[in-house]
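1. Sequence first, predicted model second:
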Amino acid sequence: MSWRKLEKEWCLQTVAQLVEELLAELPGNALNSSKRYKYIAERLKKVAGRSVWVIAQHIGRSKFEPLGHELGFGANDKLPPITIELKSGEKIILNGRIDRIDTMKTGEGTYVRIIDYKSGSKKFKLSDVYHGLQIQLITYLDALWEKGVGDIEGPVIPAGMLYFKLDDPMIRGSRESDTEKIEKEIMKQLKMKGLVLSNVELIKNMDELIDGDSDIIPARINKDQTLGRSSAASLEQFEQLRRHVKSILTKLGEEIIDGSISITPYKKNKAIPCSYCNYMSICQFDTRLKGNKYRSLQDKKDNEVWEMLGADSGQGGDK
Ligand code: SF4
């Protein structure tokens, strides 16, 4: 089926039916056992149905076509694994899965963008990419950029890396708010976050209805057809980011091989990784113990990150 032909009612009904069927297969029909679980099951249907409908609209108003969903890369997968070569000659092999890859063929090559589905609100922060805290998307993009994907002809050109939030948001408003207005507001709330290539024509191909701020991608086109306030990067900047993240992965790989097991969690503002970590009882990190300290990271503005990355590449590439 083509995403471009899907209709809202069909999406909502079909997805709800599929969710019902899948839930019925759960042992003990768990999500039917109490009012609370029934509510969760209903919510699941709404979120999944809404998400499918919004994805259909995103694809419907762009020239990009999904090349594949849940594409694995690894030894036995469709895409080859990501290989990081260490100075010692050893290799780190990374496996994983990309939620969705979209492509658009042009005379210059094939533009590729990566979409990652998130159930929570995932903000894209360039500063976090710089610090090595958000390196998944650029690593995937790098792998496709370098090795291509499937039978894509010609060079691969990165078009973007984006997070799509799976949700069915509640919209505040009066009873009189019309459906069209509510739908537009939902679209805005489910706008993808991330980084796109700073190319006005390409952005128009990602959102053919763009008028000022896009409702679906983090980009704006001004009245004079220049790029407005957007989360965008030039090809050279994508290149700098990819090199930087590769150097982080190489360094981490070398530290693993060298047997480095120092306990140095980061702290950025009030955020620490320990809050969600299952290994607390094993590592026993405790700032009251001598030598147990956080590695303090500072948030940086986007322009500062680009300046630092530019300075790094000016010094001859990988750190
Ligand atoms: S709990 Fe321990 S292992 Fe987990 S992030 Fe914190 S320091 Fe690292």
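-> Structure received.
2. Now for K204, how many residues are close by?
-> 17 (other Cβ atoms under 10 Å). To be clear about C-beta, it is placed using only N, CA and C from the backbone, and glycine gets the same treatment.
3. Quick one, grab the pLDDT at A30.
-> We have a pLDDT of 64 for A30.
4. Counting neighbours, which bits of whichever helix in the chain runs longest end up buried?
-> As assigned by DSSP state H, the longest helix anywhere in the chain is helix 35-60. Buried positions in helix 35-60, judged by neighbour count with 16 or more other Cβ atoms under 10 Å: 41, 44-59.
5. How about stretch 153-169?
-> Neighbour-count burial for stretch 153-169, counted by 16+ other Cβ under 10 Å, picks out 156-168.
6. could you give the mean pLDDT of it?
-> 91.
7. okay, how far is it across it, tip to tip?
-> 40 Å (Cα to Cα, to the nearest Å).
8. ok, residues contacting the helix or strand following the longest helix of the chain?
-> Per DSSP states H and E, the first helix or strand lying C-terminal to helix 35-60 is strand 65-73. Identification of contacts with strand 65-73 by Cβ atoms under 8 Å, 6 or more residues apart in numbering yields 3, 59, 77-82, 94-104, 112, 140, 143, 149-150, 152.
9. Quick check on those: which are buried?
-> With burial judged by 16+ other Cβ under 10 Å, the buried subset of those is 59, 79, 81-82, 96, 98-104, 112, 140, 143, 149, 152.
10. quick one on the thing from earlier: which ones among the buried residues of helix 35-60 come in contact with the ligand?
-> With Cβ under 6 Å from any ligand atom as the criterion, the buried residues of helix 35-60 include none near the ligand.
11. which SS state does the residue in the stretch 1-150 of the chain that the ligand sits nearest to fall under?
-> Among the residues of the stretch 1-150 of the chain, L133 lies closest to the ligand, at 11.9 Å counting by Cβ to the nearest ligand atom. Classification of L133 using DSSP: H, G, I helix; E, B strand; the rest coil returns coil.
12. what does the stretch 151-300 of the chain put close to the ligand?
-> So the stretch 151-300 of the chain meets the ligand at I263, P265, P273, C274, C277, Y279, M280, C283, F285 (Cβ under 6 Å from any ligand atom).
13. Tell me the secondary structure of the first one, please.
-> Same thing as I263. Applying three-state DSSP: I263 is coil.
14. quick one: it and I55, what's the gap?
-> 41 Å (Cβ to Cβ, to the nearest Å).
15. pLDDT below threshold where in the stretch 51-200 of the chain?
-> For the stretch 51-200 of the chain, the stretches with pLDDT under 70 are 174-177.
16. surely Q136 meets K118?
-> No. Using Cβ atoms under 8 Å, Q136 makes no contact with K118, being 10.8 Å away.
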